[in-house]
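**Student:** Turn this into a model:
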Amino acid sequence: MSRRRAPVRLEVSVNGKVRCVGGIGEFGVLSAIVGWVKRMADRVHPDVRAEPTYDEADMLAQRIDVQFGGLDSATDRHVSWLNEQLKPGDVVTVRILGEGEFDEPREGSPERKLAP
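**Tutor:** Have a look, this model is predicted:
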């Protein structure tokens, strides 16, 4: 199976280990985000609490993570290469690469036909 090529790629590393190289065809979006969240218990919407899979401890836990994904504008397909938990002291590096091959996304929405 041949790998796809992109005009610009992003390489995401955590603590010196390359986790993935992502790219989109000719038109699209690539985004690498490092985030932190800790929710307030009294701000969790009642509809969320009513979900059968709701877990209070999980919902209120502090999270630090790196997410890397994008959108292929030609197919309107959202893709994801990485969603990894981090901890204080971790080092995340995003390197911008030129044209070349990239890893297949781990997840993606179905492609949609767009108007011509």
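
**Student:** Any idea what the residue positioned nearest the centre of the chain is bridged to?
**Tutor:** By Cα atoms, centre = their mean, the chain has its centre lying nearest to Phe68, at 3.0 Å. Assessed by DSSP bridges, Phe68 has beta-bridge partners Ala32, Leu82.

**Student:** shouldn't it be in contact with Val92?
**Tutor:** No - shown here, Phe68 and Val92 do not form a contact pair, counting by Cβ atoms under 8 Å, at 9.7 Å. Backbone N, C-alpha and C define where each C-beta goes, glycine included.

**Student:** any shared contact partners between these two?
**Tutor:** The contact sets of Phe68 and Val92 overlap at 12, 32 (Cβ atoms under 8 Å, 6 or more residues apart in numbering).

**Student:** Now do the helices in the chain.
**Tutor:** Here the chain has its helices, by DSSP state H, at 46-49, 56-60.

**Student:** Can you get me a residue count around the closest residue to Gly35 other than its chain neighbours?
**Tutor:** Spatial nearest neighbour of Gly35, excluding adjacent residues (Cβ to Cβ, 6 or more residues apart in numbering): Asp65 at 5.9 Å. Other residues lying near Asp65 total 15 when counted by other Cβ atoms under 10 Å.

**Student:** so who does Asp65 touch?
**Tutor:** Asp65 makes contacts with 34-35, 83-86, as judged by Cβ under 8 Å, 6+ apart.

**Student:** could you redo those as JSON lines and give each row distance to Asp76 and neighbour count?
**Tutor:** Below are the contacts of Asp65 laid out as JSON lines (distance: Cβ to Cβ, whole Å; neighbours: other Cβ atoms under 10 Å):
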{"residue": "Val34", "distance to Asp76": "26", "neighbour count": "15"}
{"residue": "Gly35", "distance to Asp76": "25", "neighbour count": "10"}
{"residue": "Asn83", "distance to Asp76": "21", "neighbour count": "13"}
{"residue": "Glu84", "distance to Asp76": "26", "neighbour count": "15"}
{"residue": "Gln85", "distance to Asp76": "29", "neighbour count": "9"}
{"residue": "Leu86", "distance to Asp76": "30", "neighbour count": "17"}
